[in-house]
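Novice: give me a 3D structure for the following:
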Amino acid sequence: VHCAKDDAHLRAAALCRWVTAFTAVHRRPPTVWLDMLCADISFSPVEALAHVPVHMAKCKQLVLLAGPALLEHLEPVVHCYAWEAIGKRLRDAHVELVAADAHTRNDIVAGIDTFHVMNTRAAAGEVHERLVAVVEIASASHVNVTLRELLEPARRALDAAADARSASALRAPLRPSPQL
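Specialist: Numbers count the residues shown, from 1 in each chain. I've put the predicted structure just below:
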């Protein structure tokens, strides 16, 4: 799951990081479903949306490329919710942050903490109506909780990395300032 509004090069780099980590653990490259490459291009946007749960049901793991735009757009949020709604475990989802720098990573983390589905946007039309219907049926609070739980491991990992950097900086010896 990704948001097309996030930088394509950063999304590709994040996906490559996940592939590298997966290959190191499993000693084989992953089999990946990329909707833009694998989905039937004859489907209308509404038909493609209707097939998302079918494709997800066949997956063992969800890879979420979480960039700053992800939390602002309804379609990837609903895709994330669909993972849990079809009975998949949140622990089988892996989050890769799509960020060029620490500031953007921090913004994504802040967005996780303050996320509310009602603040997302979607293109007008029938796809929008269907996405809104999912949120109405599921309840906004359930979608909010699901997305925060899905993104929580990424937030914890970033917090741990920041804590490690702070601890390292505190352990560094102080150097006397040069005397004038």
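Novice: name the residues that touch the worst-scoring helix or strand of the chain on mean pLDDT?
Specialist: Least confident helix or strand of the chain, by mean pLDDT, DSSP states H and E, is helix 35-38 with a mean of 78. Here helix 35-38 makes contact (Cβ atoms under 8 Å, 6 or more residues apart in numbering) with 48, 52, 55. Backbone N, C-alpha and C define where each C-beta goes, glycine included.
Novice: of those residues, which is the nearest to residue 85?
Specialist: residue 52 (10.6 Å; Cβ to Cβ).
Novice: and the closest residue to residue 46 other than its chain neighbours, how far is that from residue 133?
Specialist: Closest residue in space to residue 46, ignoring its immediate chain neighbours: residue 126 at 5.0 Å, by Cβ to Cβ, 6 or more residues apart in numbering. To residue 133, residue 126 is 10 Å away according to Cβ to Cβ, to the nearest Å.
Novice: got a list of what residue 92 touches?
Specialist: With contact set as Cβ under 8 Å, 6+ apart, residue 92 has these partners: 60, 61, 62.
Novice: with neighbour count added, can I get those in TSV?
Specialist: What follows is these, written out as TSV (neighbours: other Cβ atoms under 10 Å):
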residue	neighbour count
60	8
61	15
62	20
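Novice: rebuild those as TSV, extending it with distance to residue 16 and pLDDT.
Specialist: As requested, the contacts of residue 92 are exported to TSV (distance: Cβ to Cβ, whole Å; pLDDT from 0 to 100):
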residue	distance to residue 16	pLDDT
60	20	93
61	16	93
62	17	93
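Novice: part of a helix, is residue 110?
Specialist: Yes - counting by DSSP: H, G, I helix; E, B strand; the rest coil, one finds residue 110 located in a helix.
Novice: neighbours around it, how many?
Specialist: 12 (other Cβ atoms under 10 Å).
Novice: in the protein, which helix has the most residues?
Specialist: Scanning the chain for the longest helix, with DSSP state H as the assignment, gives helix 140-171.
Novice: from the contacts of helix 35-38, which land in helices?
Specialist: Judged by DSSP H, the contacts of helix 35-38 include 48, 52, 55 as members of helices.
Novice: for residue 65, what are phi and psi?
Specialist: phi -90, psi 100 (degrees, to the nearest 10).
Novice: beta partners of it?
Specialist: residue 96 (DSSP bridges).
Novice: what is the distance between stretch 101-119 and the centre of its chain?
Specialist: From the chain centre to the centre of stretch 101-119 is a distance of 11 Å (Cα atoms, centre = their mean, to the nearest Å).
Novice: so which bits of it are buried?
Specialist: 104, 105, 108, 109, 111, 112, 115, 117 (16 or more other Cβ atoms under 10 Å).
Novice: give the contact list for the last one.
Specialist: If you count contacts by Cβ under 8 Å, 6+ apart, residue 117 has them with 74, 77, 135, 140, 143, 144, 147.
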